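Novice: Show me how the following folds:
(chains A and B)
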Amino acid sequence: MAERGGFGRGFGGRGDGEGGRGGRGRGGGRGDRRGGRRGNKSEEEKWVPVTKLGRLVKSGNITSLEQIYLHSLPVKEHQIVDALTKDLKDEVMKITPVQKQTRAGQRTRFKAFVVVGDGNGHVGLGVKCAKEVATAIRGAIILAKLSVIPVRRGYWGNKIGLPHTVPCKVTGKCGSVTVRMVPAPRGAGIVAARVPKKVLQFAGIEDVFTSSRGSTKILGNFVKATFDCLMKTYGFLTPDFWMETRFSNSPYQQYTDLLSKQATKAILPPTEEIPPVEV
Amino acid sequence: MGEVILGMPGQWAHDYREKADHYTSKIGGLPDWPDLDIPVSGKLLLCDLCGGKLCLMAQIYAPLSMAERSIDERVIYVLGCMKKDCGSNPQSWRVLRLQRCKQDIESKDEPLKAEQPEEESTSVAEDKPTSQSSSVKVCDDEDSDSDIDLDDLAQALEQAATLASNSKKQDGTKHTRKIVEGPVAKKLIYDLTTPVLPCFYIYSQRNSSEGRMDKANFVGGSSISLKEIEKSSGNESEGESWEGEAYEYDKALGADRTYLKFKKQLDAYPEQCFRYSYGGNALFPVANVPKPGACKICGSARRFELQLMPPLLYFLQEASDDSSNFSIDGWTWLTIIIFTCPKNCCSGTCDEKSGNSCRCIVEEEAIVIQDD
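Specialist: This next block holds a predicted model:
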């Protein structure tokens, strides 16, 4: 190209001059939270939010994932999930090579399946293909965190103690594999194959009977079908949900309205504990 | 095609209304108009929707060097409206490209002496360094002068650095004034009617290759190690196998593939405020983006020049917590992509003026992509 954008050229000398002086501590006037913004090598630890939801989470206006689920807001930054959940564990289920035939031979990439969960009603599944194993695992963890969903648990019979099983019979499907989960009494444990058992453990379900159909040999589809089944637990309308919903303001409207910052709490209705139906 | 240059956040301005020169790239504050033959018309500074005054979002000094000519004095101003309803409407944004058409070294001094609009009278003092080296030394002698206080010494030094990179040689004797006025502290523009965003300066950085991204993507220590993977893969038994897998594009519940690519570029440099790539490709966070229109003057299709990125909103929001005059919360854009005329055409009849350079302001196009 004969033309060249000169933004960097026109600016380089000047910018370095000003940038170099930035670290002199001149800007301590208005609060030190802005002082150390530049020149940090610890950018991995410092999260600069990109979406509006991220900004709300970073500023502490949103305190739990349930507020996000209530309004079905898409989570686009994995740091949001990190900030809102405690002790989220992750595990690689499988790394498998995936090959593509090219003229120069075969090109192998690695596909990583990662499941994350806190063992108490939140679980996420991530799948990522990459040329290197480490990159695939990292990417899959991030995708899993982006896909964290709430899992509804209920009782088999007596409502004693905490919920321990799925609230009703639900079924999920992916490809040809369908997985059906049936409530089980306490002490039954997770009656499932090895692979979906892991997902259910991360979800925090203690007892369940499962039944699967289709080509479960394709374990990728099998695990996705289990995940889909868990997504549907909150989508099932049970008599508990028959009461009319009192709608509340989405966090976007709540915190955008200048008036609401100064107004009394009367504008904000009480938060509901019941997350909405699936996305 | 073009490489991408990132605008990284630099120092905060000491006062949001302080004046810099039009060679500075900054975010927020008040726009620094260079000496103009005709001052910027009021209509261009008003919002299309509500009629209120627009505030400066970004001022970027973007000179060009092309085969036929080089335009050294080219500045792009991005103006936006801060009212709640206008913020989310793309029509309230305005991008102005201001450039000097002809390179004229001698005549630069003349406009400085000419009549200036009220606002810019204070800038005259700053645009005239007596000489580059002496201005720095002079600072130290004038401690007791009422115009300079100790606090502004550093500012003055920075100002001198800015002016020092102005390559045009100034004739010192012509503009001799009291030395004290040369490196004076940044004056404030007392224009209290225009809304003003928190102001900080920008330094540029090249977008380096992917070595950065791996580092940035790693999120503080997962519980997985490669050894564990090899162990677990050895547990294959009972006829289970993970066969039949094919390549799969990235997908998450709330984010699609295009957005994940956008986020990946952002994660490499999480503090980038804008991306500049003259004639290059924009980074789209969504798949369907409306195409830019054609330039109103020459009719050629506009080309991508730069795009503003979301960390900018975050920094502005952080700074605006103190005062509640304006609502940045009304802005929910993911990126603002700015397209400019590829021929850098100029309105008016500036070719006919001889010996005198003319500046012109052309309105360019901005596409706002919302974060829904």
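Novice: what's the distance between the residue of the stretch 151-300 of chain B found nearest chain A and B:Ile5?
Specialist: Taking CB to the nearest CB, chain A has its nearest neighbour within the stretch 151-300 of chain B at B:Tyr278, 2.3 Å off. In this view, the C-beta of every residue, glycine as well, is placed from N, C-alpha and C. From B:Tyr278 over to B:Ile5 the distance is 9 Å, taken as CB to CB, to the nearest Å.
Novice: Same question for B:Cys358.
Specialist: Using CB to CB, B:Cys358 is found at 28 Å from B:Ile5.
Novice: Check A:Gln201 too.
Specialist: As for A:Gln201, its distance to B:Ile5 is 49 Å (criterion: CB to CB).
Novice: what's the answer for B:Thr335, then?
Specialist: Noted for B:Thr335: a distance of 16 Å to B:Ile5, by CB to CB.
Novice: And for A:Lys100?
Specialist: Here the distance between A:Lys100 and B:Ile5 works out to 35 Å (CB to CB).
Novice: thinking again about what came up before, if you count what's nearby, which of B:Cys358 and B:Ile5 comes out ahead?
Specialist: Each of B:Cys358 and B:Ile5 has its neighbours counted (other CB atoms under 10 Å in any protein chain shown); B:Ile5 has more, 26 against 19.
Novice: and the more buried one, bridged to which residues?
Specialist: Under DSSP bridges, the beta-bridge partners of B:Ile5 are B:Arg206, B:Tyr276.
Novice: That one reaches B:Ser208, doesn't it?
Specialist: No: using CB atoms under 8 Å, B:Ile5 is not in contact with B:Ser208; the gap is 11.1 Å.
Novice: Give the residues shared as contacts by these two.
Specialist: By CB atoms under 8 Å, 6 or more residues apart in numbering or on different chains, B:Ile5 and B:Ser208 have no common neighbours.
Novice: tell me what the longest strand belonging to chain B is packed against?
Specialist: Counting residues, the longest strand found in chain B (DSSP state E) is strand B:359-370. If contacts are counted by 3 or more CB pairs under 8 Å, 6 or more residues apart in numbering or on different chains; DSSP states H and E, strand B:359-370 sits against strand B:94-100, strand B:333-340.
Novice: With B:Gly293 as the reference, name the closest of the ones you listed.
Specialist: Closest approach to B:Gly293 among the helices and strands packed on strand B:359-370 is made by strand B:333-340 (8.1 Å; CB to CB).
Novice: and that closest one, does that touch chain A?
Specialist: Yes: using CB under 8 Å from any CB of the partner chain, we find that strand B:333-340 touches chain A at B:Leu334.
Novice: that older thread, check whether the residue of the stretch 151-300 of chain B closest to chain A sits in a helix, strand or coil.
Specialist: Under DSSP: H, G, I helix; E, B strand; the rest coil, B:Tyr278 falls in the coil class.
Novice: where does it land on pLDDT?
Specialist: We have a pLDDT of 87 for B:Tyr278.
Novice: same check, this time on B:Glu248
Specialist: Here the pLDDT value assigned to B:Glu248 is 87.
Novice: Assumed it was part of a helix.
Specialist: No: under three-state DSSP, B:Glu248 falls outside any helix and is assigned coil.
Novice: so it makes contact with A:Cys129?
Specialist: Yes: B:Glu248 is within contact range of A:Cys129, at 5.8 Å (criterion: CB under 8 Å).
Novice: Skipping adjacent residues, who's closest to the closest residue to chain B within the stretch 51-200 of chain A in space?
Specialist: With CB to the nearest CB as the measure, A:Pro74 is the residue of the stretch 51-200 of chain A nearest to chain B, at 2.9 Å. Of all residues not flanking A:Pro74 in the chain, B:Gly254 sits nearest, at 2.9 Å (CB to CB, 6 or more residues apart in numbering or on different chains).
Novice: any idea what the one you found is structurally, helix, strand or coil?
Specialist: Recorded secondary structure, B:Gly254: coil (three-state DSSP).
Novice: OK, contacts around B:Gly330?
Specialist: Listed by CB under 8 Å, 6+ apart, the contact set of B:Gly330 reads A:Thr256, B:Met82, B:Lys83, B:Lys84, B:Asp85, B:Cys86, B:Gly87, B:Ser88.
Novice: List of residues touching stretch B:341-349?
Specialist: By CB under 8 Å, 6+ apart, stretch B:341-349 touches B:64, B:66, B:71, B:74, B:97, B:99, B:101, B:279, B:295, B:297-298, B:300-303, B:358, B:360-362, B:364.
Novice: May I see the ChimeraX selection of the buried members of those?
Specialist: ChimeraX command restricting the contacts of stretch B:341-349 to the buried ones, with burial defined by 16 or more other CB atoms under 10 Å in any protein chain shown:
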select /B:64,66,71,74,97,99,101,295,302,358,360,361,362,364
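Novice: Just the helices from the stretch 151-279 of chain A, written as ranges.
Specialist: With helices called from DSSP state H, counting those that start in this stretch, the stretch 151-279 of chain A shows them at A:194-203, A:219-231, A:251-256, A:258-262.
Novice: of all the ones you listed, which gets the most neighbours per residue?
Specialist: helix A:219-231 (a mean of 24; mean count of other CB atoms under 10 Å in any protein chain shown).
Novice: roughly how far out does that helix sit from the chain middle?
Specialist: Centroid separation for helix A:219-231 versus its chain: 16 Å, with CA atoms, centre = their mean, to the nearest Å.
Novice: Run the contact check for that helix versus chain B.
Specialist: Yes: with CB under 8 Å from any CB as the criterion, chain B is reached by helix A:219-231 at A:Leu219, A:Gly220.
Novice: so what does that helix touch, helix or strand wise?
Specialist: The elements that helix A:219-231 packs onto, with contact taken as 3+ CB pairs under 8 Å, 6+ apart, are strand A:105-117, strand A:122-130, strand A:149-150, strand A:170-174, strand A:177-183, helix A:194-203, strand A:208-213.
Novice: Return the most buried member of those.
Specialist: Stretch with highest mean neighbour count among these: strand A:122-130 (a mean of 25; mean count of other CB under 10 Å).
Novice: Sheet partners, orientation included, of that one?
Specialist: Paired strands of strand A:122-130, with direction, are strand A:105-117 (antiparallel), strand A:149-150 (antiparallel) (DSSP bridges).
Novice: show me where pLDDT drops low in the stretch 101-250 of chain A?
Specialist: Counting by pLDDT under 70, not a single residue of the stretch 101-250 of chain A qualifies.
Novice: Contacts only, for B:Asn207.
Specialist: Here B:Asn207 is in contact with B:Glu3, B:Val4, B:Ile5, B:Leu6, B:Ala268, B:Tyr269, B:Arg275 (criterion: CB under 8 Å, 6+ apart).
Novice: Of those, grab the buried ones for PyMOL.
Specialist: PyMOL command restricting the contacts of B:Asn207 to the buried ones, with burial defined by 16+ other CB under 10 Å:
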select buried, chain B and resi 4+5+6+268+269+275
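Novice: Just send the contacts of B:Asn207 back as JSON lines, with distance to A:Thr226 and pLDDT too.
Specialist: Shown next, in JSON lines, are these (distance: CB to CB, whole Å; pLDDT from 0 to 100):
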{"residue": "B:Glu3", "distance to A:Thr226": "46", "pLDDT": "83"}
{"residue": "B:Val4", "distance to A:Thr226": "42", "pLDDT": "89"}
{"residue": "B:Ile5", "distance to A:Thr226": "47", "pLDDT": "90"}
{"residue": "B:Leu6", "distance to A:Thr226": "42", "pLDDT": "91"}
{"residue": "B:Ala268", "distance to A:Thr226": "34", "pLDDT": "89"}
{"residue": "B:Tyr269", "distance to A:Thr226": "38", "pLDDT": "90"}
{"residue": "B:Arg275", "distance to A:Thr226": "41", "pLDDT": "92"}
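Novice: Look up how far A:Val170 lies from the closest residue to A:Ser176 other than its chain neighbours.
Specialist: Sequence neighbours aside, A:Gly214 is the residue nearest to A:Ser176 in space, at 3.9 Å (criterion: CB to CB, 6+ apart). Going from A:Gly214 to A:Val170 by CB to CB gives 16 Å.
Novice: before we move on, what about A:Asn221?
Specialist: As judged by CB to CB, A:Asn221 and A:Val170 stand 17 Å apart.
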